[in-house]
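Trainee: Okay, here's the prediction I keep looking at, along with the sequence it came from:
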Amino acid sequence: MSDKLQMMLEDAKELNALGLMSDSEVDAIAVMVKAREVSSRIAKVKSMTGEEIKAIRTRYGMSQSVLAHTMGMSKESVSKWERNEIKPSGPALRILNTLAIKGPEVFAK
């Protein structure tokens, strides 16, 4: 898809040079191309089971309280995740994915 968008941008620039497309239309396409490039470099978020969350936490020697504090969550939320009562989503899941890959050092001062 990004190749098609890139081709569209090149075509838009040519049309702009001929006076057939406005600068703002070319800029809008350029923004779409840039957004697609940035998006393609961001890792997909993987859902996690309670067992996976607990494994990450224990791998780094973290208690539920420490993990909760690191994430800005409650200990109860971490406990419920690990018991598969609820599933983390949104920013919490992104933080867990980052923690799994980078370790807790990523949150150091």
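Mentor: Sure, I can see it.

Trainee: From now on I want contacts and neighbour counts done on CA atoms only, so please keep to that.
Mentor: Will do.

Trainee: so after the longest helix seen in the chain, what's the next helix or strand?
Mentor: As assigned by DSSP state H, the longest helix anywhere in the chain is helix 23-41. Using DSSP states H and E, the next helix or strand after helix 23-41 towards the C-terminus is helix 50-59.

Trainee: Now I53. Nearest residue, chain neighbours left out?
Mentor: E82 (6.2 Å; CA to CA, 6 or more residues apart in numbering).

Trainee: Could you check how many residues crowd around the one you found?
Mentor: 22 (other CA atoms under 10 Å).

Trainee: if we can go back for a sec, which helices and strands sit right next to the longest helix of the chain?
Mentor: helix 2-17 (3 or more CA pairs under 8 Å, 6 or more residues apart in numbering; DSSP states H and E).

Trainee: Extract the CA atoms of stretch 73-82 and return them as PDB.
Mentor: Taking C-alpha atoms only, stretch 73-82 is exported to PDB below (Å, rounded to 0.1, in the frame of the first residue of the first chain):
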ATOM      1  CA  MET A  73      -2.300   0.700  37.300                       C
ATOM      2  CA  SER A  74      -3.700  -0.800  40.400                       C
ATOM      3  CA  LYS A  75      -2.300  -4.100  41.900                       C
ATOM      4  CA  GLU A  76      -5.900  -5.400  41.600                       C
ATOM      5  CA  SER A  77      -5.800  -4.900  37.900                       C
ATOM      6  CA  VAL A  78      -2.500  -6.800  37.600                       C
ATOM      7  CA  SER A  79      -3.900  -9.600  39.800                       C
ATOM      8  CA  LYS A  80      -7.100  -9.900  37.600                       C
ATOM      9  CA  TRP A  81      -5.000 -10.000  34.500                       C
ATOM     10  CA  GLU A  82      -2.900 -12.800  35.800                       C
END
